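In: Pasting the sequence and the predicted model now:
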Amino acid sequence: MLRRYTRDRNGVTAIEFAAVGLPFLMLVFGLFEFGLAFFVNRVLDNATLESARLIRTGQAHQGSFDAAAFKTEVCTNMTGVLCQMSRLTIDVQTYSDFAGLDDLTPLLDEDGELEEDTDFEIGSASDIVVARVVYRWPMFTSMLRTDAGDTGNMERLLFSTVIFRNEPFPW
């Protein structure tokens, strides 16, 4: 009777798929999420660069830009589906020379948590400006609870930094 079960090949494919399928699907979803996060980070880089251009050319000075307006501009330059303003953290600091960049304040505290108290100083003509944007990107594959992300609540921190010298605008 035992020989009859050892020769029976019905269901072998289902058992093999059960053994190989879950790790394979986890790998595919992980690669998909990595690619999506990389794509969103490139979109964030472009949005930060385009928004910082308003500061560099003096348009932000004429329009009385504040932190909320800059955050709105970054979200506008990103695809609407990808951006939620509540997930954005911005920090814009001004320096008189490049040597001052050694004193750039970190965006993460000692515990690795994102600082909520950030600056928004767009400077004046010919100042050096550092515009940093952090986007808390929700992770989809972390629903498996194998990784809590960078923040502990299923989010990755996507960073974008632009360093430039303001143009010598006349006002």
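Out: Nice, thanks for sending it over. Numbering: from 1, shown residues only.
In: Show me what the helix or strand where residue 35 lies packs onto, helices and strands only.
Out: Secondary structure assigned from DSSP states H and E places residue 35 in helix 12-56. Where contact means 3 or more Cβ pairs under 8 Å, 6 or more residues apart in numbering; DSSP states H and E, helix 12-56 is packed against helix 59-62, helix 67-77, strand 128-138, strand 155-165. (Each C-beta comes from the backbone N, C-alpha and C, glycine too.)
In: With respect to burial, which of those scores highest?
Out: Among these, the stretch with the highest mean neighbour count (mean count of other Cβ atoms under 10 Å) is strand 128-138, at a mean of 21.
In: Put the alpha carbons of it into CSV.
Out: Below are the C-alpha coordinates for strand 128-138, written out as CSV (Å, rounded to 0.1, in the frame of the first residue of the first chain):
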residue,chain,number,x,y,z
ILE,A,128,25.2,79.9,-1.3
VAL,A,129,21.9,78.0,-0.7
VAL,A,130,21.4,74.4,0.4
ALA,A,131,17.9,73.2,-0.3
ARG,A,132,17.2,69.7,1.1
VAL,A,133,13.9,67.9,0.7
VAL,A,134,13.0,64.6,2.4
TYR,A,135,9.9,62.6,1.3
ARG,A,136,8.6,59.8,3.5
TRP,A,137,7.7,57.2,0.9
PRO,A,138,5.3,54.4,2.0
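In: ok so, going back, with distance to residue 24 and mean pLDDT added, can I get the helices and strands packed on helix 12-56 in CSV?
Out: Putting the helices and strands packed on helix 12-56 into CSV (distance: least, Cβ to Cβ, whole Å; pLDDT from 0 to 100) gives the following:
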stretch, distance to residue 24, mean pLDDT
helix 59-62, 49, 91
helix 67-77, 37, 95
strand 128-138, 24, 94
strand 155-165, 23, 94
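In: which residue sits closest to residue 134, ignoring its sequence neighbours?
Out: residue 89 (4.4 Å; Cβ to Cβ, 6 or more residues apart in numbering).
In: ok, the one you found - contacts?
Out: 107, 114, 115, 116, 118, 133, 134, 135, 136 (Cβ atoms under 8 Å, 6 or more residues apart in numbering).
In: Closest to residue 51 out of these?
Out: Nearest to residue 51 among the contacts of residue 89, counting by Cβ to Cβ, is residue 133 at 8.0 Å.
In: what about this protein, any weak spots by pLDDT?
Out: 1-2, 4-6, 8, 141-152 (pLDDT under 70).
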